[in-house]
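Engineer: Based on what follows, work out the 3D shape:
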Amino acid sequence: MATVLFLAPADLGETVLASGALAHALSDERDLVSLCVADEARPLFRAVPGLRVFTPWKRAGRFVFFALLRGVRYDAVIDARGGWPGRIMPARRRIRLDDAKVLRHRVEEWTEAAGAPKALTPVITLDDQARTDAARLANDTAPVLVIAPGGVTADKRWPRERFAAVARRLAGGPISSAQVVVLGAGARDAETVRAIVSSLDADGITARGEALDLLAAAALMERATLCIGNDNALTHIAAAMGAPTLTLFGPTDERVRAPYGPRARTLRGRSLEEIAALPTLDAGAAMEDVSIDAVEAAATDLLHAGGLR
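Structural biologist: Predicted structure coming up:
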């Protein structure tokens with residue numbers, strides 16, 4: 001039996017990308033896991049076998065301090081956050097990312113850091129509650145089109161009216177019988193979700209706007225025929241669950257942090273070099289360079305690659 005401490009990143013997408021390293025550190029169903037993660041990430045890990053301690057990141061320092069006082073020593077500390085807690089916590093083995101010497105995907109970095117023989121793909125463990133919540137939202141009798149239009153900052157969000165336009169085209173074409181679900185990852189996405197659902201409903205396309213917890217969202221992605229979204233937690237989750245996933249990129253680098261999965265693709269407008277040369281006030285235009293036609297074409301290609309014609 002091993003004891004493992006996982007110090008998760010602040011970013012939810014990065015947390016998903018680091019989940020493979022956590023799964024790699026667990027070798028026995030009797031292993032015990034302590035987590036320091038952001039509050040919003042907590043549901044994503046509730047079904048991890050052996051979970052015994054959850055600590056919100058705002059109390060991580062206090063958690064480490066009392067663990068030191070009690071003489072706690074972990075078999076493995078996975079430090080995906082950086083900072084002093086991961087450096088001072090006693091551990092037989094410490095897995096953390098050093099400054100990258102070459103440009104490569106985060107999953108490749110975690111694989112090397114852990115000394116794993118093959119890529120540490122993201123791992124999300126579902127529970128019955130997540131599957132039940134997903135089943136209430138979408139059944140197995142029709143395709144499921146998931147739209148994930150949120151983003152932490154405005155310059156990472158494709159315009160909401162374009163998401164509605166693409167959903168309208170797909171629901172009227174290659175997946176005409178699809179159940180359309182628009183998902184947000186938090187309160188910040190609620191207005192965008194409502195706007196897209198309202199736009200689709202006005203055109204006679206039934207859509208549902210939901211704010212599922214992240215594990216229920218993962219269960220829904222397991223059913224998804226296609227997910228289209230920005231660089232956010234939900235597209236990372238979709239890719240990890242094996243859903244055909246098209247992620248739209250602007251100011252962030254898909255070579256480093258693209259959603260990772262067997263059927264994940266990315267799309268951008270202008271190059272990162274061109275974006276870097278933009279005045280700060282115009283940086284948001286990077287997402288606007290991605291056209292509706294380009295997204296529709298990429299989504300259709302992805303559907304065809306998955307066998308849907």
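Engineer: What segments of the stretch 51-200 of the chain are helices?
Structural biologist: Counting by DSSP state H, counting those that start in this stretch, one finds helices in the stretch 51-200 of the chain at the ranges 60-69, 84-88, 106-114, 128-137, 160-171, 190-202.
Engineer: How about residues contacting the last one?
Structural biologist: To tie it back to what came earlier, the one meant is helix 190-202. Applying Cβ atoms under 8 Å, 6 or more residues apart in numbering, the contact partners of helix 190-202 are 147, 149-150, 157, 160-161, 163-164, 167-168, 171, 180, 182-184, 206-211. To be clear about C-beta, it is placed using only N, CA and C from the backbone, and glycine gets the same treatment.
Engineer: which parts of stretch 103-119 are buried?
Structural biologist: Buried residues in stretch 103-119, counted by 16 or more other Cβ atoms under 10 Å: His105, Arg106, Val107, Glu109, Trp110, Thr111, Ala113, Ala114.
Engineer: First-to-last residue distance for it?
Structural biologist: Start to finish, the residues bounding stretch 103-119 are 16 Å apart (Cα to Cα, to the nearest Å).
Engineer: Let me see the mean pLDDT of it.
Structural biologist: Stretch 103-119 comes out with an average pLDDT of 96.
Engineer: Check stretch 124-134 too.
Structural biologist: 96.
Engineer: Okay, buried residues for it please.
Structural biologist: So, applying 16+ other Cβ under 10 Å, buried residues of stretch 124-134: Ile124, Thr125, Leu126, Ala130, Arg131, Asp133, Ala134.
Engineer: any idea how far Leu212 is from the fourth one?
Structural biologist: Right, the one you point to is Ala130. 9 Å (Cβ to Cβ, to the nearest Å).
Engineer: domains of this protein?
Structural biologist: Annotated domains of the chain cover 3-114, 128-305 [automatic domain parsing].
Engineer: Just the terminal-to-terminal distance for the shortest one.
Structural biologist: The first and last residues of domain 3-114 sit 16 Å apart, counting by Cα to Cα.
Engineer: how far out from the middle of the chain is it?
Structural biologist: 17 Å (Cα atoms, centre = their mean, to the nearest Å).
Engineer: just the longest one next, same as before
Structural biologist: For domain 128-305, the distance from its own C-alpha centre to the chain's C-alpha centre is 11 Å (Cα atoms, centre = their mean).
Engineer: isn't Ala218 right up against Ala240?
Structural biologist: Yes - the criterion here is Cβ atoms under 8 Å, and Ala218 meets it with Ala240 at 7.4 Å.
Engineer: between these two, what contacts are shared?
Structural biologist: Residues touching both Ala218 and Ala240 (Cβ under 8 Å, 6+ apart) are Ile124.
Engineer: how about the domains of the chain, which one is nearest Leu120?
Structural biologist: domain 3-114 (3.3 Å; Cβ to Cβ).
Engineer: Let me know the distance separating Arg46 from Leu220.
Structural biologist: From Arg46 to Leu220 the distance is 16 Å (Cβ to Cβ).
Engineer: Looking at these two now, which is surrounded by more residues?
Structural biologist: Leu220 (29 against 17; other Cβ atoms under 10 Å).
Engineer: Which helix or which strand is home to the more buried one?
Structural biologist: Element membership of Leu220, judged by DSSP states H and E, is helix 214-223.
Engineer: So which elements touch that helix?
Structural biologist: helix 128-137, strand 144-148, strand 179-183, helix 233-240 (3 or more Cβ pairs under 8 Å, 6 or more residues apart in numbering; DSSP states H and E).
Engineer: can you rerun that using 6 Å?
Structural biologist: Contacts defined by 3 or more Cβ pairs under 6 Å, 6 or more residues apart in numbering; DSSP states H and E place helix 214-223 against helix 128-137, helix 233-240.
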